[in-house]
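Enquirer: from the sequence below, what's the structure:
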Amino acid sequence: MALEFTDSNFQTEVLSSDKLSVIDFWAEWCGPCRAIGPVIEELSKDYSGKVNVGKVNVDQNPQLSINYGITSIPAILFIKNGQVVDKQVGAAPRSVLEKKIQANL
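Expert: The predicted model follows:
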């Protein structure tokens, strides 16, 4: 199951991790966000133990959205060693996300 990242646990779970983190910035009211949700869940299962895959609800965690300049959702950030190494704005097929994961493992 995808992790739930928040303003309070982001530093520990993502920025301090030595693993690649894939973070889906989403909201309940966003249709494309709900459409990509199952893909995020599949990736979290498939890469369990290798990649941190999780979600940030932008309505409940506004500071993270501000910190990373999230203006459109869904926005998926790929963070490794505390740095954004790739980004996908808008819904994308699993193959696109997987290619970005493989490139940054």
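
Enquirer: what's the helix or strand for the most centrally placed residue in the chain?
Expert: Geometric centre of the chain, nearest residue: residue 23, 1.1 Å, by C-alpha atoms, centre = their mean. Secondary structure assignment for residue 23, by DSSP states H and E: strand 20-26.

Enquirer: tell me the contacts of residue 14?
Expert: Contacts for residue 14 (C-beta atoms under 8 Å, 6 or more residues apart in numbering) come out as 5, 21, 23, 52, 54, 79. Every C-beta, even on glycine, is put in place using the N, C-alpha and C of the backbone.

Enquirer: just the buried residues of those.
Expert: Among the contacts of residue 14, those classed as buried by 16 or more other C-beta atoms under 10 Å are 5, 21, 23, 52, 54, 79.

Enquirer: pretty sure the last one sits against residue 18.
Expert: Think residue 79. No - using C-beta atoms under 8 Å, residue 79 is not in contact with residue 18; the gap is 11.5 Å.

Enquirer: in the chain, where is pLDDT below threshold?
Expert: Applying pLDDT under 70 to the chain flags no residue at all.
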